[in-house]
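Undergrad: After the sequence you'll find the predicted model.
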Amino acid sequence: MVPRYPSFVSALSREVSVLMRAAKVLGLTGLLLTLPSPPSTAQLTTLETEAIRVIYLEPVQSGLGPYAARALENSLATHRRIFGYEPWEKVTLLLRDLRDVGGAGATPVPRDLIFVDIAPKSFAYETYPANERVNTYMNHEMVHLVATDMAAKRDRIFRKCFLGKVPETSDHPETILYGYLTHPRYDAPRWYQEGAAVFVETWMAGGIGRAQGSFDEMVFRAKVRDDSLIYDPLGLASEGTKTDFQLEANSYLYGTRFLTWLAYEHSPEKLVEWISRKDGSEAYYARQFRAVYGRSIKEAWDEWIAWERPFQQANLEAVRAYPVTPYRDLSPHALGDVSRAFLDQETGRIYAAFNYPGVVAHVGAIPLDGSPLERIREIKGPVGYTVASLAWDPEARRLYYTTDNAAYRDLVVLDPATGKSRVLLKDARIGDLALDHSDGALWGIRHFNGLATLVRIPRPYDQWEQVHTWPYGVIAYDLDVSPDGRLLSVSVGEINGRHALHVFETARLLQGEAQAVSQVDFGTTIPSNFVFSPDARFLYGSSYYTGVSNIFRYEIATEDLQAVSNTETGLFRPLPLGGDRLMVFRYTGEGFVPAEMEALPLEDVSAITFLGERLVDRHPVVTEWVAGSPASVDLASRVTSRRPYNSFAGIRLESAYPIIQGYKEVAALGYHLDFSDPLAVNRFGLTASYSPHEGLNETERPHLELTFERYNWRGFARLNAADFYDLFGPTKTGRKGTAFGGGYRKTLLLDQPRRLDLSVGAAAYNHLDRLPDYQNVEATFDELVTSNARLSFSNLRASLGAVDYEKGLSAEGILSLDVVNDEWLRGLVLNFDVGTPLPLKHSSLWLRTSVGGRSGDPDNPFANIFFGGFGNNYVDHGSVQRYRSFTSFPGVELNAVGGRNFAKAMVDWNLPPIIFRKVGTPGFYLTLARSSLFVGGIRTNLDDDLLRRELLDVGGQIDFRFTTLHRLEMTLSFGYAVAFESGEPDSDEIMISLKILR
Amino acid sequence: MATQNSSTGRALKFILAGGFVVAVLLVARLAGWLPPSADGTEGAIGAAKRFQTEQITSSDVQLGDEENQAVLQSEFFDRLSKDTDLRSSVITLMSNPATVEILRSESFQALLANREFTGLLASSDFQALLANSAAMELLASSDFQALLASNDFQALLASNDFQALLANRGAMDLLASSSFQALLANTQFQALLANREFVGLLSGPATLELLASNDFQALLANQQFAGLLASKEFGAMLANRGTMDLLASNDFQALLANQNAMELMSNASFTALMSNSAAMGLLSNAQFVGLLSNSQFQALLANQQFVGLLASKGSLELLASNDFQALLASPQFMALLSNSQFQALLANQQFVGLLGNAQFVGLLANQQFVGLLANQNAMQLLASKEFAGLLASKGTLDLLANRGTLELLSSKGTMDLLASNDFQALLANQNAMQLLANRQFSALLSNSGSFEALMAQIQVQ
């Protein structure tokens, strides 16, 4: 994964903050685990060699950290061999355990960094075949660094000019240019980045990977079978990754397929030539493509699609060589991602968790009589492909499911009759739930510190018991318990990428004996979702053994495995309905469709052909790309230091570059420097500029700004603050004089999507001529000390493919205390928004309200709150939907309406967005248009009839979001509003604004 | 038959026709008239071909911290990371130099190398114990720290028997039980744990053998016994100086080493007794505790015969009977226990010898006799100074040790007599008491001939 800067940096800083808190919480693990050494606390530790820096938590990850270092060194050596890649700087690797699903990411800016979520990864639907995951992640993420950090001579010159790689930041839009000059290959589409990484990763792992992946084959076979759209590069980026149920996963699927085909048709060596950024190569990835392949990407892409159709047609013919298993769909439309399903015999419904575009993820019921799907309860924190883990207790008539599935999972109980739910175990980190009907206990797999542990949760489900922990690298998943509670089945993936289905006796497991009584080896294909038949004689599950995901029946006593389906696309998650009937989920391009089929053993099922297999047959050179064993790295001889991570000692200059700013009506020229440590725990920014304009008072010509951030703390010092966006009216944020301030922000509750944040801040201003927050209001005193505390709560949700929140609420209280001319002014503002989805897809209606007031003399501008305008600048970097802010009031001038107190309300209708498929070029294209209509009213000075003002406004805004250089988002907004005030002429406002970057 | 012929004929035609078709197809295939089958459609379940080289294995992924992970994956560690109180207790404990010293000691290291011990650490029962706040408070207490620092404790940790005990499922269940956790919360029990003598006792070879024995394990697994351990009274008894003295005595060690004692402890009846509230009251009674510190009583406890008596089936039934429970609960019985003469009697070699006599034991185990003892009047008699004096007199003891006397006492007639209302009335009679206390009556009793004559007379009546 390639994250986006700068939101990535702040997210990383937040996560490091969480890591440090985790280190404190785990402080005593040092005491527990470092025996017989003297007691020590857990801490982030840095292990460095000449080429890499691995940061991990000691002593909790004292084994994993050095192993990851070996894997990274080993991977780097292979990338040197394949690409001739030499990192620009030391590559930093951060290990973290902040999620229950494994994954990794890499970024070349501001410095080369890889981060790994060490939890076991998901094998759902065989979307991610791999051998040991850290090894795989290193191979994959290093390709991202090759593709984005590798520098030709020109890049190296600019990196030296700017003293580093310049990250694009909306504070200084000039960085878009500097960024392209210092790391041009970062400006490439996601499908290219991920396609390259997956392709190389597969062959570095000796063939285990998505370039030879069954799921990938299925996706394109289904498209050909259904004659559905295969996106071109533009459509993929603008629509395919926004509205399709697989969203950004499409970048991996299309990218991998296209690059594999390129390698097949034109050789892997040419692919390497395209990805590499060697001296003489083209800076822009598309130009380099043309240089290597002699045609445009679009032309090659069309060739691939033309090739893909007959290839998949041949595979479909191979499947049809034997009778295809008939099925009957139980739903008229696809249901996106689905969880495991359960039959409620009593009501004739099938329960499962669903997540599809336009509807918030939920637990639902499919009536077997063909009635429409019923939504029972929304799921907080669904995860891709599997949504959530689900179990059903028919006796108690309760469903058990997991929330926060992409974070630390909770266990929740749900009454399907009433829809009421209750959290049983918070942050238990347990999934793969299975119910033991004999005693009502739940079994599950817990993820912690990279390991998978089989746990049992007896009634009343308020605590769990550790039953068996698999060693690192062995991943257990897809659990089930036989109806009599005697047997437990689980799929197990090994370090070498092989998988097997194991059956245990629960009684022996509870005695500490984890010896399977029966097992079947599936090789490198994944035994998915095997579940017991009612008589516990068979296990039904799916496997891509033939290359197509078919349903298999495993007889436990005889260890006999038989195919019971022959399908064209893929069948998953079988649910025995009685007799030979099974409910299954059938793959389609729109997601999974529940269907019913007869499960009769088949004698003949033919295999399909893999593109990856064809490739290696034609180009055996990829067999030379195998990375080998991380154990071959003699780490001890390479380690240069191993010590606690010191965020201050690691602070270095990131980059320095020239800037232009606006101050009042003139321009200023200057320089900006950024400093930070490898994990961006501490960030300093220094900006200095000068306005040479003679019309400006000499004391106002120099401009300085120093900013500092460390975890939740931030501070600033300014002299005649200037801002790039002040070059473009009407909003001016620059202010005369000096200012010093600081603040602290703490997240009191983070239970996504629920969060509660507290922030406090204070600032002192001197030599002011305008109010700091209201540019059009002259300051009656030039000194001001302000302070505020802000408490914000939000619980906002959106469905797959949404461009804005679609339901929920947010509340905020802002308390302020200012000192001006020895007068203390107190203020309080309360904001409350609530929204609900409308029947129209991705459309919602919101009520936004605010009340507030300040103390002090009404004639003192510091004692007033001012409203007016949309608030957007012509060129801007603030919120696009500024009209929602409590100080906005479209239709009147900025700060035109003031009062000591006020009440304000707005009804905001977000219309369904329009997603564009083909407007622009791959490097510059229109992604979507979102629009809103609103009507609002405000009343000020509620306690003073003479000063009171009452206004209404009505307006609308439309935002066109487009993407530049594949990853830099811009938004062009148009707004219009009319305001009405009794006794005053109507006023209106037109707003045009271009927001730079996200 | 005709039908059969017809069927057979049709089948034959089908076979011939099928054979012909197969032959034609075979010829056509060999001649190249038919296209070859597609890859992977040769029949049966075709496996898709995927390229693969040799993969890394577990030997390529050696982390070396697997033992640590066993602890980290436990529910205890999960609680530790979420429960601030528990965490602070553990930090207090682990920050103590004494703890560090013990953890760094060779004994503890040896223990860590013990698979059974590491298995214990990873067990859910042990996790439950550690997750208990009372246990944590105890571990963090200064008394417990002192215990950790003692040589005896180190010796205990290093012993094989202790390690065997830790690996025992019953012990684990006990440790994890709510009753035991309640016991841990008992301040008196905590004081006991910190007592040097108690630790000395624990590290004694006999204790360890006992603790590791199957019988004791069975006892530990008994719910009622767990209830006993959790009782306030038991805690009070354990914390008493007298108990300490007893536990620390050589005699008690000898008792622990006694096979019969083992059997006694694992017996269901004994366990039932121990869980009885009356027994609880007795254990915590100051007089009983005083008795515990009596060296003579300690000698009695260590006496093989006495232990054998207790472990006998009859005794056990007696001990478990309601009547015996009533006896235990009576204040008179308490008074008897505190009587110095009675205590002297218990320590008397002759009396101890008598306890080893099968007939005497049979008598004691007789329901009627126990019923008699539980009688209010009998209670008063037992508690009287006079009766204790009588029992302790040489004459009485000689008499009781006499075989004829024992046969007589055990006879049905005697039993009926003892159970009769008349005898009860006699016991209630003040004069009878005086008679019993009379020295001459004792002399009479010591004369077996006259006693037998007297008893014979009674039976005849």
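TA: Nice, I can see it.
Undergrad: Any part of stretch A:292-311 near chain B?
TA: No. Using Cβ under 8 Å from any Cβ of the partner chain, stretch A:292-311 never reaches chain B; the gap is at least 13.1 Å. Quick note: C-beta positions are derived from backbone N, CA and C, even for glycine.
Undergrad: Now do that stretch, average pLDDT.
TA: Mean pLDDT, stretch A:292-311: 97.
Undergrad: what sits up against the helix or strand where residue A:305 lies?
TA: Using DSSP states H and E, residue A:305 falls within helix A:297-319. Defining contact as Cβ atoms under 8 Å, 6 or more residues apart in numbering or on different chains, one finds that helix A:297-319 is touched by A:217, A:220-221, A:223-225, A:230, A:232-233, A:257-258, A:261-262, A:265, A:286, A:289-290, A:293, A:547-548, A:566-568, A:606-609, A:611, A:922, B:38-41.
Undergrad: Likewise for stretch A:503-513?
TA: With Cβ under 8 Å, 6+ apart, stretch A:503-513 has contacts from A:436, A:454, A:456, A:467-468, A:481, A:485-490, A:514-519, A:539, A:556, B:119, B:123.
Undergrad: burial of residue A:693, as a residue count?
TA: Residue A:693 has 14 neighbouring residues, counting by other Cβ atoms under 10 Å in any protein chain shown.
Undergrad: hmm, I was thinking of residue A:395
TA: 8.
Undergrad: same question, residue B:425
TA: Per other Cβ under 10 Å, the neighbour tally for residue B:425 reads 11.
Undergrad: residues of stretch A:70-78 that come out buried?
TA: Residues A:70-76, A:78 are the ones in stretch A:70-78 that count as buried (16 or more other Cβ atoms under 10 Å in any protein chain shown).
Undergrad: picking up where we left off before, now the contacts of helix A:297-319: which count as buried?
TA: A:217, A:220-221, A:223-225, A:230, A:232-233, A:257-258, A:261-262, A:265, A:286, A:289-290, A:293, A:547-548, A:566-568, A:606-609, A:611, A:922, B:38, B:40-41.
Undergrad: and these, which of them are in helices?
TA: Under the assignment DSSP state H, the buried ones among the contacts of helix A:297-319 contribute A:217, A:220-221, A:223-225, A:233, A:257-258, A:261-262, A:265, A:286, A:289-290, A:293, A:611 to helices.
Undergrad: circling back to that earlier point, in ChimeraX, select just the buried ones from the contacts of stretch A:503-513.
TA: Command for ChimeraX that selects the buried part of those, burial taken from 16+ other Cβ under 10 Å:
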select /A:436,454,456,467,468,481,485,487,488,489,490,516,518,519,539,556 /B:123
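Undergrad: Show me where the stretch 401-550 of chain A has its strands.
TA: Ranges of strands in the stretch 401-550 of chain A, per DSSP state E, counting those that start in this stretch, are A:410-414, A:421-425, A:430-435, A:442-448, A:451-457, A:465-469, A:475-481, A:487-493, A:499-505, A:518-521, A:528-532, A:538-543, A:550-555.
Undergrad: would JSON lines of the ones you listed with mean pLDDT be doable?
TA: What follows is the strands of the stretch 401-550 of chain A, written out as JSON lines (pLDDT from 0 to 100):
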{"stretch": "strand A:410-414", "mean pLDDT": "97"}
{"stretch": "strand A:421-425", "mean pLDDT": "96"}
{"stretch": "strand A:430-435", "mean pLDDT": "97"}
{"stretch": "strand A:442-448", "mean pLDDT": "97"}
{"stretch": "strand A:451-457", "mean pLDDT": "96"}
{"stretch": "strand A:465-469", "mean pLDDT": "91"}
{"stretch": "strand A:475-481", "mean pLDDT": "97"}
{"stretch": "strand A:487-493", "mean pLDDT": "97"}
{"stretch": "strand A:499-505", "mean pLDDT": "97"}
{"stretch": "strand A:518-521", "mean pLDDT": "93"}
{"stretch": "strand A:528-532", "mean pLDDT": "97"}
{"stretch": "strand A:538-543", "mean pLDDT": "97"}
{"stretch": "strand A:550-555", "mean pLDDT": "96"}
